[in-house]
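> Return a 3D structure for these sequence lines:
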Amino acid sequence: GSSVIKSSAANQNHLVGFSPLMFLYLLTALLAAALGGLAVRLADHAGPAAAHTALYTRFEAPCEQESCSEALVVVHTAGTPGAEADGVRWLLAPEVRSKFQIYVYTDAPAQSMPPELQPSSPRVEVPNVADEFSKYVDFLYREYHRLPQKVRFIHSGRIEAGNWVGSARSDKLDLLLHRTLRQSLSVDYHSADQNCFDVDLLLMQKAADGDEATGLPPMFVAFAGHLAGLGRDHGVDVIQLFATFWNKTGMASEVGPMPLSYTIPPSGEFAATRAALHRRPAGFYKGLLDFLTGGDGLAGNGLLAALRSQRFRVEGMTHRGPLSVMGLLLEYVWPLVLDDCEAHHRALPAPEGVTKAYACDAACRQWGAGAAY
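Next up is the predicted model:
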């Protein structure tokens, strides 16, 4: 009996002496478990993470003549660390600076830029949506009433490689030093002679459905497949998706009904006169800029947000990284924006804003095919 009493007393003394430390351990464990469970529940119900969109800042280098009648608009993606702005230095050659007022949109750090290129004042920043086209549209809206007689729009790479392995390469410095527009042209795509393609939405729909006999270039087939996948996620086909883009960007009101087929030189580099750029009012460029950089936001779940944010790769393409869906859509319609085709507004038949072909199709001649300097 006494041994049991002694044992109980000893145990009681042990418990009493240890209980504060045990209570602390127990409390810590409970809090950790509770917080861990809360973290799991928050993670389970968290909304989608906001997509990170780089900002491109605009820099300027004034023309070295007293006045220049031409502007050069350049889009430059930062190079490797320590060489972020090396790709724009060739633009500062005296013969280029004596011809153009230079504007460079870039995500390169300001401290890496050559001193000749200074940030615009007031500061201009553009989200990296639709690749070069968000910067081009920003420039056209901001400078609409100050445009010089001619403007050339280019990527910063001096040595221009073709789209596919083994294709020709050329030095764009030669291009800049030529006449900015060839004879009798108001819009000049220097690639129009080599790259003039039919955009056929019906064939793109067939390619998206798995038809391998459409004869479309590999880029169009890959793009059609990506658009089809994106469309399925939102309950539309390729043609309906393209129509949504056409209407939301203001193309329907400015260009006319959406053509199911037309011929263009697909490129993100071109030159145009002030008169050609003024074929569309400032409000069109403002509305397009708002469409590209605002609205639903890049992290949203809607079709328009997906068009803005999604990128994809094309097998065999060597000169560019993942391609912007919105950027390619704009590349495929931009020649029509620059064209002067009043007849297309009256294109018939146009049920539901769609017509069979572009009313002023000229096999790319209005954009430079066959033109001489």
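
> Excluding chain neighbours, give the residue nearest to His76 in space.
Distances taken as Cβ to Cβ, 6 or more residues apart in numbering put Ser156 closest to His76, at 3.6 Å, once the chain neighbours are dropped. To be clear about C-beta, it is placed using only N, CA and C from the backbone, and glycine gets the same treatment.

> Could you pull up the residues touching that neighbour?
74-77, 87-88, 91, 104, 106 (Cβ atoms under 8 Å, 6 or more residues apart in numbering).

> Farthest-apart pair in the residues you listed, please.
Thr77 and Leu91 (14.5 Å; Cβ to Cβ).

> and Ala306, helix, strand or coil?
Here Ala306 is helix, with the state taken from DSSP: H, G, I helix; E, B strand; the rest coil.

> Quick check: chain neighbours aside, which residue is closest to it?
Per Cβ to Cβ, 6+ apart, closest to Ala306 is Leu230, 5.7 Å.

> Now do the same contact list for that neighbour.
241, 303, 306-307, 310, 325.

> Assign it to helix, strand or coil.
helix.

> Next, the buried residues of the strand or helix carrying Ala243.
Element membership for Ala243, per DSSP states H and E: helix 238-248. Buried residues in helix 238-248, counted by 16 or more other Cβ atoms under 10 Å: 238-239, 241-246, 248.

> picking that back up, please report how far the residue nearest to Ala306 lies from Phe312.
9 Å (Cβ to Cβ, to the nearest Å).

> just Asp233 next, same as before
14 Å.

> residues contacting the residue nearest the centre of the chain?
In the chain, the centroid-proximal residue (Cα atoms, centre = their mean) is Ala130; its distance is 1.5 Å. Counting by Cβ under 8 Å, 6+ apart, Ala130 touches 292, 308, 324, 326-327, 329-330.

> Give me the distance between the residue nearest to His76 and Gly210.
Taken as Cβ to Cβ, the span from Ser156 to Gly210 is 38 Å.

> go on, Tyr358?
Taken as Cβ to Cβ, the span from Tyr358 to Gly210 is 27 Å.

> So those two - more neighbours on which side?
Tyr358 (25 against 8; other Cβ atoms under 10 Å).

> Local confidence estimate at that one?
In this model, Tyr358 is scored at 97, pLDDT.

> need the contact list for it.
So Tyr358 contacts 259, 261-263, 336, 341, 344, 347 (Cβ under 8 Å, 6+ apart).

> Which of the contacts of Ser156 fall within strands?
Residues of the contacts of Ser156 located in strands (DSSP state E): 74-76, 104, 106.

> rewinding a little: pipe the contacts of Ala130 into CSV and attach pLDDT and neighbour count per row.
CSV is the format used below for those (pLDDT from 0 to 100; neighbours: other Cβ atoms under 10 Å):
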residue, pLDDT, neighbour count
Leu292, 91, 22
Arg308, 87, 27
Ser324, 91, 24
Met326, 94, 24
Gly327, 94, 21
Leu329, 96, 20
Leu330, 97, 24
